[in-house]
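*Asks:* next one to model:
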Amino acid sequence: MIWLALVLLAPLGAALAVFALRRAPAAIALAGAGLGLIGALGLFAGAPGGAAVTAALPFLPDLPIRLLAGPLTATLALVVATVAAMVLVYAAGYMAHDPERVRFFGTMLMFIAAMELLVLSGDWITLLAAWEMIGFASYLLIGFWHTRDGVPGAATRAFLYTRSADLGLYIAAFLLIGVAGTSEISATLATTGTPALIAGLLLLGAATGKSAQVPMQDWLMRAMAGPTPVSALLHSATLVAAGAILLIRTAPMLPGGALLAIGLVGGITTVAAGLMALAASDLKRLLAASTASQYGLMLVALGAGVPVAALLHLIAHAAIKSALFLGAGVFQHDRDSTDLDALAGAGRARPGIFAGFALAALALAGLPPMAAFFSKDAILAAALDSPAAVWLLPLALLGSGLTGAYMARALKVLWSGAADRPTDAVPLMATGMGGLVVLAATLGFGFKPLEAMLGAPLPEPAWIIPAMGLAVGLGGLALGWVLAPTRLLGPLFGPASGGFEIAGGMQALVARPALALAAACERIDQFLIGTVVLGGVAGGARALAAMVEAVETRLLEAVRAIGRINLSLGRFSRRTDRDTIDGAIFGLVDRTIALGARARRLQSGFIHREMALTFAGIALVIGLLLAAPIYF
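*Replies:* Numbers count the residues shown, from 1 in each chain. I've put the predicted structure just below:
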C-alpha cells in the first residue's frame with residue numbers, strides 16, 4: 001500500500017538525505033514530514049476498510065514483519081504525522097542558527113519514523129524494534145546539547161528510567177507469543193486467564209516508565225534539557241505517548257484485575273503529577289509534570305474499561321501540549337530562561353503568542369468547546385460508570401481541577417510584570433504553534449465521527465458529567481490565579497516540588513535494583529565459570545585434549561615412518577640413476593662420438609676426392625644392376 005510506505009519511508013528517506021547531503025536540513029525535513037503527513041491522511045481515509053500488510057525478510061522467512069493499517073493505527077499515525085509536521089515548521093525557525101541543525105533534523109526525522117513504525121506495527125517483534133528505536137532516538141535528542149552542564153545526566157536519567165521499565169514489555173510480549181503461538185498482536189489479544197493478567201500488569205509496568213506514571217513520575221520533569229521542539233514532540237505524540245498507546249492497543253485483552261491496577265495508577269498519577277506541576281518553578285517542568293498528569297487521566301479511562309475515551313484525550317492532549325511547549329519555547333527564546341520568575345511579563349511582549357498559549361491552556365483545563373472538554377467528559381463518564389468509581393471518579397475530578405490551577409498559575413506569571421521588547425520576529429515558530437492551537441480548539445468536533453469509525457461510539461454523558469467537569473476546571477483556574485502555590489498546597493509543597501520521589505527516587509527504583517541485578521548476574525556468571533565450565537566442561541576438555549594428543553602422536557610417528565621409507569627410496573633411486581641410467585646414456589654418447597670420428601675420416605672436405613668417390617659409387621651400383629639378370 002502506497003500510503004503505508006509513504007508514512008514510514010518519507011521521514012526515514014528524508015533523514016538519510018539530511019545526513020548524506022548536510023545541506024538545507026530544515027527544507028528536507030519539512031519535505032519528508034509533509035510527504036509523511038500526506039501518506040497518513042491517505043491511510044486514514046482508507047482506514048474504515050482496514051488492511052494488514054505482512055512482509056517476510058528474505059533471510060528470515062519464518063519471521064514475518066507485519067504492519068497494520070486499521071482504524072486505530074491509522075488514527076494514531078495521523079496524530080503523529082500532524083504534530084510532527086507542525087513541530088518541524090516551528091523547529092525550522094527555532095534551530096535556524098544552530099551549528100548542529102543537521103544532526104538535529106536528521107535525528108528528529110528518525111524519531112518520527114520510529115514512532116510511526118510503533119503505532120503501525122502488527123506484530124510484537126516489529127513493535128519491540130520500534131520501541132527500541134524511539135528510546136535511543138529520544139536519548140540522542142534529550143542530550144542534543146551534550147556539551148552543556150547537566151544535559152548528559154538528564155539524558156541518561158531519562159534513558160535509565162524508561163529502560164528499566166521496558167523489561168516488563170519484553171516479558172509480556174514473549175509471554176503472549178508463547179501462549180498464542182504467534183507474534184501477531186491481534187492474535188495474542190485473545191489470551192485470557194492468568195497469562196492475560198500477568199501480561200497486563202507487565203505492560204502497565206512498561207507504561208509507567210514511558211508515560212511517567214507512579215512510581216516513575218519524576219523523571220519527565222528532569223528531561224527538559226533538549227531543544228523545545230524535542231520536548232514538544234516527546235510529550236505529545238511520541239516517547240511519552242508510547243506507554244498509553246501500548247495499553248490502548250492491548251485493551252481488549254486486559255482482565256478486570258489489570259484494569260483496576262491501571263486505573264488506580266493513573267488516578268494517583270494524575271493527582272501527584274498535578275501537584276508537582278503546581279509546585280514547579282520552571283515553565284517547561286510545569287508542562288512536563290502536566291504531561292504525566294494528563295496521561296494519568298488516560299489510564300483512568302483505560303482502567304474504567306473505555307479505551308476510546310483514553311484515545312480521544314491522547315489526541316486532544318497531543319495538539320494542546322505541543323502548542324504549549326512551542327509557546328514556552330518562544331518565551332524562552334526572548335528571556336533565555338524558562339524559570340517562571342524570569343518569564344514574568346513575557347506574554348505581554350508577544351500578545352499573539354500569549355493568546356495562542358492561553359487558548360491551549362484553557363483547552364487543557366477542559367473549557368468548552370475545545371478538544372479536551374469533550375475528552376475529559378468522556379473520561380469522567382467512564383470513571384462514573386466503572387465498578388471502581390468510588391476511587392477513580394474523585395481522583396479524575398481532582399486531577400482535572402489541578403489542571404486548571406497550574407495552567408492559571410502559568411498564565412498569571414506570563415502576563416504579570418513588565419513587557420520587554422521581543423528580540424526578533426519568529427514567523428515560522430508562530431506558524432507551527434498557530435496550527436496546533438487551531439487543532440486544540442477544533443478537534444473536539446470531530447470526535448463523534450471518529451468514534452463511529454473506530455466502531456466504539458460513546459453514549460452521551462448525563463448532564464452531571466459536563467457540569468462537574470466545567471465546575472472543577474473553572475474552580476481550578478480561579479484558585480490557581482488567586483492563590484500562591486505555597487498557600488494552595490500547604491505542607492505538600494515541599495514533596496511536590498521534589499517530585500514526590502518514592503523511597504529515594506531513581507536510586508531506589510532504578511540504580512539499586514540495576515546494581516543488585518548486576519551483582520546477581522555476576523554471581524551466576526562466576527558459578528557457571530567456576531563450577532560448570534572449569535569443573536565440568538574443562539575436565540571434559542582436558543580428556544578430549546589428551547585423546548587428541550595421543551592420536552596426534554600416532555599420526556606423527558606414522559608420518560615419520562613414511563618419511564624414512566621415502567628417504568630410502570630416494571637414495572636408491574639416486575644410485576640407480578647415477579650408476580645405471582646415467583652410465584648407459586654416457587656410454588652411448590661415447591660410442592656415437594667414436595663412430596662420428598671414424599666417419600669423419602671419410603669426409604675429407606676435398607671436392608675432387610668427393611666427386612671421385614661419388615662416381616665410383618655410381619659405377620658400382622650400375623654394375624650391380626647390369627649383373628643382376630645373371631644371378632637372378
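
*Asks:* longest strand anywhere in the protein?
*Replies:* strand 60-69 (DSSP state E).

*Asks:* now the helix or strand following that strand against strand 60-69, angle please.
*Replies:* Scanning forward in sequence from strand 60-69 by DSSP states H and E, the next helix or strand is helix 71-94. In terms of direction (axes from the mean of the first three to the mean of the last three C-alpha atoms, to 10 degrees), helix 71-94 departs from strand 60-69 by 80 degrees.

*Asks:* looking at residue 250 now. What's its pLDDT?
*Replies:* Per-residue pLDDT puts residue 250 at 97.

*Asks:* list the contacts for the closest residue to it other than its chain neighbours?
*Replies:* Counting by C-beta to C-beta, 6 or more residues apart in numbering, residue 250 lies nearest to residue 203, which is 5.9 Å off, once chain neighbours are set aside. Placement of C-beta: from N, CA and C, glycine included. Residue 203 is in contact with 168-169, 172, 246-247, 250, 258, counting by C-beta atoms under 8 Å, 6 or more residues apart in numbering.

*Asks:* so which helix or strand takes in residue 203?
*Replies:* Counting by DSSP H and E, residue 203 is found in helix 193-210.

*Asks:* report the contact partners of residue 40.
*Replies:* 3, 7, 74, 77-78, 80-82, 116.

*Asks:* alpha carbons of the helix or strand harbouring it, as CSV, please.
*Replies:* Applying DSSP H and E as the criterion places residue 40 in helix 25-45. C-alpha atoms of helix 25-45 as CSV (Å, rounded to 0.1, in the frame of the first residue of the first chain):
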residue,chain,number,x,y,z
PRO,A,25,18.3,20.2,6.6
ALA,A,26,15.2,22.2,7.5
ALA,A,27,13.8,22.1,4.0
ILE,A,28,14.5,18.4,3.6
ALA,A,29,12.9,17.7,7.0
LEU,A,30,9.8,19.7,6.1
ALA,A,31,9.5,17.9,2.7
GLY,A,32,9.8,14.5,4.5
ALA,A,33,7.3,15.4,7.2
GLY,A,34,4.9,16.8,4.6
LEU,A,35,5.0,13.6,2.5
GLY,A,36,4.6,11.6,5.6
LEU,A,37,1.5,13.7,6.5
ILE,A,38,0.1,13.1,3.0
GLY,A,39,0.6,9.4,3.5
ALA,A,40,-1.1,9.4,6.9
LEU,A,41,-4.1,11.3,5.5
GLY,A,42,-4.4,8.7,2.7
LEU,A,43,-4.1,5.9,5.2
PHE,A,44,-6.7,7.5,7.5
ALA,A,45,-9.1,8.0,4.6
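
*Asks:* and it with helix 71-94, angle?
*Replies:* Orientation check (the same axes, to 10 degrees): helix 25-45 against helix 71-94 gives 160 degrees.

*Asks:* mind listing what's buried in helix 25-45?
*Replies:* By neighbour count with 16 or more other C-beta atoms under 10 Å, helix 25-45 contains the buried residues 25-26, 28-44.

*Asks:* ditto for stretch 358-376
*Replies:* Across stretch 358-376, burial judged by 16+ other C-beta under 10 Å covers 358-367, 370-376.

*Asks:* so, low pLDDT: which residues of the stretch 501-632 of the chain?
*Replies:* Along the stretch 501-632 of the chain, the model assigns pLDDT under 70 to residues 502-512, 514, 530-539, 582, 598-615, 621-632.
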